[in-house]
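Peer 1: Here you go, sequence then predicted model.
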Amino acid sequence: MKKYEIAIHIADLCDENNGWKKELNVVQINEREPVYEIRSWNKDHTRMGDGVTLTPKEMRLLKRICESMEFDRIDGNMEIPIIDG
């Protein structure tokens, strides 16, 4: 059984219709190095949905990508910069 601990709650990203929240957290799983996670949680954090886990290196790359994007539109004509890790 996995031991799963939210070490740092960074932000609530959105409230979902089912009462759950999508959150950005730093988590530690089974005594491993902490990682960043984006995932949905129920109100008392006893149940979780599927999520995305990112190492610190992957989070830095995602940050660089997001900083270079325009978020005011999403369509097939978006120019997405290519950034190597």
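Peer 2: Arrived safely.

Peer 1: Could you use CA atoms for every contact and neighbour count after this?
Peer 2: OK.

Peer 1: List the buried residues of the helix or strand where residue 64 lies.
Peer 2: In the assignment (DSSP states H and E), residue 64 maps to helix 56-67. By 16 or more other CA atoms under 10 Å, the buried positions in helix 56-67 come out as 61, 65.

Peer 1: Extract the C-alpha trace of that helix and format it as CSV.
Peer 2: Provided in CSV are the C-alpha atoms of helix 56-67 (Å, rounded to 0.1, in the frame of the first residue of the first chain):
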residue,chain,number,x,y,z
PRO,A,56,11.2,19.5,-10.3
LYS,A,57,13.1,19.4,-13.6
GLU,A,58,9.8,18.7,-15.5
MET,A,59,8.1,21.5,-13.5
ARG,A,60,10.8,24.0,-14.5
LEU,A,61,10.4,23.0,-18.2
LEU,A,62,6.6,23.3,-18.0
LYS,A,63,7.0,26.8,-16.4
ARG,A,64,9.3,27.9,-19.2
ILE,A,65,6.8,26.6,-21.8
CYS,A,66,3.9,28.3,-20.1
GLU,A,67,5.8,31.6,-19.8
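
Peer 1: Disregarding flanking residues, what is the spatial nearest neighbour of residue 21?
Peer 2: residue 15 (4.6 Å; CA to CA, 6 or more residues apart in numbering).

Peer 1: should've said residue 43
Peer 2: residue 20 (6.0 Å).

Peer 1: so who does that neighbour touch?
Peer 2: 40, 41, 42, 43 (CA atoms under 8 Å, 6 or more residues apart in numbering).

Peer 1: could you measure it against residue 10, distance?
Peer 2: 16 Å (CA to CA, to the nearest Å).

Peer 1: name the element the spatially most central residue of the chain belongs to?
Peer 2: Most central in the chain under CA atoms, centre = their mean is residue 38, positioned 2.4 Å from the mean C-alpha point. For residue 38, the element it lies in under DSSP H and E is strand 35-41.
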